[in-house]
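**Q** Sharing a model prediction with you, sequence too.
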Amino acid sequence: MKASRSNFRCRLIFRLKDMPSVVEDTGNIDFPGRIVDEAKECFVSFPGKYASGWDALIDKKAEHKQSIACVFLCTPESGLGQHAQDPTKAEGVCYCREIYGDRDHKQMGYLKLLRKGTDKVQEEEEKQKAQYTKTVVIREEASEQELKKAEQEAKEAWEKNGKRASWGCAWFEKWKRNVTAAVKLDQQLKVVFFPGQVGRGKVTWKDLPKENLWNGIGCGGSQKSEIAYLDMQGLPYVQTDASRFLRREFQWGSEVIAMLNGKWQKGMIVSPPQPDMKCSVQCSKTGCIFETDRVRHGDTIRKLLEAVGEYRFLQMVENNLPEGVELVGSRPQESILQDGEASE
């Protein structure tokens, strides 16, 4: 940091120069929900197809600090591929028929086509999950004969498993418990829809078995089941937009870790997420600005503040400032000396 004149005020944004070389893929992490006793709100439904949104939602360092009823299961220990008894049905009958209806083997997830470019690591991960969901995994560029064989195997697995969802319905029972816990705490329930589609795509509980749940309107297939249950139970909820949620999480100046050309880069938000879920990030290392729809909280500075305490940290900064520079305060993720240049 250089002082070119005395008695001036500048804005400093502190960022670490290095970051871990490996960032976890939350798509392979079990998430049973998180009910926070002191929270005022609870996210009860979220479109999981938006990786950045899901990352931001479940991050313990997220800005929202609210409860999350949403459940994501990816191991047999957590419930992947398992089914839960529907209390309104005969013994041995799970929720699948009630919330998904009669769907073919593809809709029920028994055939997984890997896109071209899928690396060996991703392929192995999918095959590991397939052991518990009875899914047939094959690359889309496989031969016609191989694809035909895979199709037949998927159909047989679907029939053998009672034509139920390959991923199971144990998640639904866990989700219901989380919702019940949030309601008991008098937390406001919140449902997040696709960008620009708030309130669209809803299906009534009785129509779930016959409607196209994966039509891409409003929300995801399992979300439609969640929302239908809330409506059936008469539970009120607030509706919001996924891009609006991201804009609140990743505001201008937020320290982030963002995906660029398949690699995670440390940077800073220079344009918050738009309706297409993309935001602009300035790379800390190169200074270049790029667009991405994969962004995560870069909480290194917040961790530092938690470790040493914000007051102590600001005292340390003030003791090392050039003569004539005035310390005027701080904001989340930043130490601020107003109206000036960012410094590392």
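**A** Yes, it's here.
**Q** make it CA atoms for all contacts and neighbour counts henceforth
**A** Noted.
**Q** Which parts of the stretch 151-300 of the chain are helices?
**A** 170-184, 221-233, 242-249, 300-308 (DSSP state H, counting those that start in this stretch).
**Q** In TSV, list the ones you listed along with mean pLDDT.
**A** Putting the helices of the stretch 151-300 of the chain into TSV (pLDDT from 0 to 100) gives the following:
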stretch	mean pLDDT
helix 170-184	97
helix 221-233	96
helix 242-249	83
helix 300-308	54
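**Q** can you list those in TSV and add mean neighbour count?
**A** Shown next, in TSV, are the helices of the stretch 151-300 of the chain (neighbours: other CA atoms under 10 Å):
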stretch	mean neighbour count
helix 170-184	19
helix 221-233	20
helix 242-249	20
helix 300-308	14
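**Q** Put together a markdown table for the ones you listed, with distance to residue 122 on each row.
**A** Formatted as a markdown table, the helices of the stretch 151-300 of the chain follow (distance: least, CA to CA, whole Å):
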| stretch | distance to residue 122 |
| --- | --- |
| helix 170-184 | 23 |
| helix 221-233 | 24 |
| helix 242-249 | 26 |
| helix 300-308 | 28 |
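**Q** Determine which of the ones you listed approaches residue 115 most closely.
**A** For residue 115, the closest of the helices of the stretch 151-300 of the chain is helix 221-233, at 21.5 Å, according to CA to CA.
**Q** Return that closest one as CSV; C-alpha atoms alone will do.
**A** Output in CSV follows, covering the C-alpha atoms of helix 221-233 (Å, rounded to 0.1, in the frame of the first residue of the first chain):
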residue,chain,number,x,y,z
GLY,A,221,-39.2,-32.5,-10.0
SER,A,222,-38.6,-33.3,-6.3
GLN,A,223,-39.3,-29.6,-5.5
LYS,A,224,-42.8,-30.0,-6.9
SER,A,225,-43.4,-32.8,-4.4
GLU,A,226,-42.1,-30.6,-1.6
ILE,A,227,-44.3,-27.6,-2.5
ALA,A,228,-47.3,-29.8,-3.1
TYR,A,229,-46.9,-31.2,0.5
LEU,A,230,-46.6,-27.7,2.0
ASP,A,231,-49.8,-26.7,0.2
MET,A,232,-51.6,-29.9,1.2
GLN,A,233,-50.7,-29.3,4.8
